[in-house]
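Participant: No sequence on hand, only this structure:
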């Protein structure tokens with residue numbers, strides 16, 4: 001019982017860390033270019049993961065470089081590039097709600113790439129969730145305009161969905177998940193750094209506030225969240241673990257409220273629709289397995 005509670009707690013903490021990322025990105029982007037912010041975050045995260053890998057006396061086999069490159073470009077580079085570009089202009093709550101569609105989006109991508117069965121429940125849930133997100137980004141009809149930031153965040157969600165699907169096929173089977181994740185993060189950190197350098201952006205030292213936010217994103221929302229989430233998925237299964245992703249937008253909303261930016265009516269309506277869609281999809285899918 002205690003072990004199950006610990007698993008639930010770790011999975012919930014991972015989701016809450018990811019939810020906090022949307023709020024933490026704001027002070028970071030106030031001082032750093034999105035390319036530099038993304039690169040800095042994963043240089044820190046990859047370095048920590050590599051040091052822990054050495055401490056565990058494990059290695060990152062070069063023979064799986066192709067897998068690391070593909071997964072690193074999707075799950076770290078693509079996701080973070082779109083994430084930081086999107087968070088320049090969209091709100092933390094909007095970003096979190098769009099990303100909350102990820103479990104449903106992953107099911108769509110799995111159907112398109114792997115031919116996995118797509119149930120009517122999931123198709124209906126995706127449609128409901130998409131309407132919920134539309135209400136959020138369009139302001140419930142108050143301003144029928146799709147923001148560039150929202151489009152970038154959707155790109156981040158799509159990149160992560162492709163990562164979720166391909167990781168099942170490409171993740172090395174004879175290497176620990178920890179070592180493989182280290183390889184993926186290193187590739188992502190290098191790719192993000194190359195883009196930042198080629199674009200002519202300078203790596204500058206952020207202020208104390210932005211620096212703490214960046215470090216928290218790298219350690220809490222990067223290393224710890226990823227490790228806790230992997231444990232949760234391994235013990236609960238991806239379907240049941242997906243329910244905890246509802247904590248991502250809820251966490252962002254709570255933090256935004258404390259920051260004096262409570263969610264508006266459109267965001268609350270959209271949040272309810274997205275959360276209900278993701279939960280129903282996970283619950284009904286789980287009941288059939």
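Facilitator: Happy to help now that I have it. No experiment lies behind these values; they were computed from the predicted model shown.
Participant: so what's residue 41 up against?
Facilitator: 80, 214, 217-218, 222 (Cβ atoms under 8 Å, 6 or more residues apart in numbering). The C-beta positions use only the backbone N, C-alpha and C, and glycine is treated the same way.
Participant: can you rerun that using 6 Å?
Facilitator: Contact analysis of residue 41 by Cβ atoms under 6 Å, 6 or more residues apart in numbering lists 217-218.
Participant: Same question for the one 5 residues further on.
Facilitator: For residue 46, the set of contacting residues under the criterion of Cβ under 6 Å, 6+ apart consists of 185-186, 189.
Participant: What degree of burial does residue 226 show, as a neighbour count?
Facilitator: Neighbour count for residue 226, taken as other Cβ atoms under 10 Å: 21.
Participant: Of the contacts of residue 46, keep whichever come out buried.
Facilitator: If you count burial by 16 or more other Cβ atoms under 10 Å, the buried members of the contacts of residue 46 come out as 185-186, 189.
Participant: Residue 48: which of the contacts of residue 46 is nearest?
Facilitator: Set against residue 48, the nearest of these by Cβ to Cβ is residue 185 (9.1 Å).
Participant: contact partners of stretch 268-281?
Facilitator: Counting by Cβ under 6 Å, 6+ apart, 97, 100, 103, 122, 125, 128-129, 132, 135-136, 243, 246, 249 sit against stretch 268-281.
Participant: Now find how far off-centre it is within its chain.
Facilitator: Here the centre of stretch 268-281 is set off from its chain's centre by 18 Å, with Cα atoms, centre = their mean, to the nearest Å.
Participant: Could you list the buried residues of it?
Facilitator: Those would be 268-271, 273-275, 277-281, for stretch 268-281 by 16+ other Cβ under 10 Å.
Participant: Show me which of those residues is closest to residue 60.
Facilitator: residue 278 (33.5 Å).
Participant: name the element the closest one belongs to?
Facilitator: helix 265-287 (DSSP states H and E).
Participant: hang on, the earlier thing: just to be sure, which of the buried ones among the contacts of residue 46 are found in strands?
Facilitator: Among those, DSSP state E puts none in strands.
Participant: any idea which of those is closest to residue 195?
Facilitator: When the buried ones among the contacts of residue 46 are compared for distance to residue 195 (Cβ to Cβ), residue 189 wins out at 11.2 Å.
Participant: mind listing what that closest one touches?
Facilitator: 42-43, 46.
Participant: Show me which parts of the helix or strand containing residue 46 are buried, residue by residue.
Facilitator: In this assignment (DSSP H and E), residue 46 forms part of helix 34-55. Using 16+ other Cβ under 10 Å as the test for burial, helix 34-55 gives 34-50, 53.
Participant: Just after the lowest-mean-pLDDT helix or strand in the chain, pick out the following helix or strand.
Facilitator: Sorting the helices and strands of the chain by mean pLDDT, DSSP states H and E puts helix 238-242 at the bottom, at a mean of 72. Using DSSP H and E, the helix or strand that directly follows helix 238-242 along the chain is helix 247-258.
Participant: What are the contacting residues of that next one?
Facilitator: Under Cβ under 6 Å, 6+ apart, the answer for helix 247-258 is 12, 15-16, 18-20, 22-23, 92-93, 96-97, 100, 263, 271.
Participant: now the angle from that helix to helix 265-287?
Facilitator: 160 degrees (axes from the mean of the first three to the mean of the last three Cα atoms, to 10 degrees).
Participant: quick one: average pLDDT of helix 247-258?
Facilitator: For helix 247-258, mean pLDDT rounds to 89.
Participant: Next, the buried residues of it.
Facilitator: 247-256.
Participant: for this protein, which helix is longest?
Facilitator: helix 2-29 (DSSP state H).
Participant: Just the buried residues of it, please?
Facilitator: Buried residues in helix 2-29 (16+ other Cβ under 10 Å): 7-8, 10-11, 13-29.
Participant: Check stretch 228-244 too.
Facilitator: 228-233, 235-236, 238-244.
Participant: Which members of those are the farthest-apart pair?
Facilitator: Farthest-apart pair in the buried residues of stretch 228-244 is 228 and 239; separation 17.7 Å (Cβ to Cβ).
Participant: Hmm, residue 193 and residue 35 touching each other?
Facilitator: No - the pair residue 35 / residue 193 is not scored as a contact, 8.8 Å apart, by Cβ atoms under 6 Å.
Participant: where does the stretch 151-289 of the chain have low pLDDT?
Facilitator: 238-239, 282, 285-289 (pLDDT under 70).
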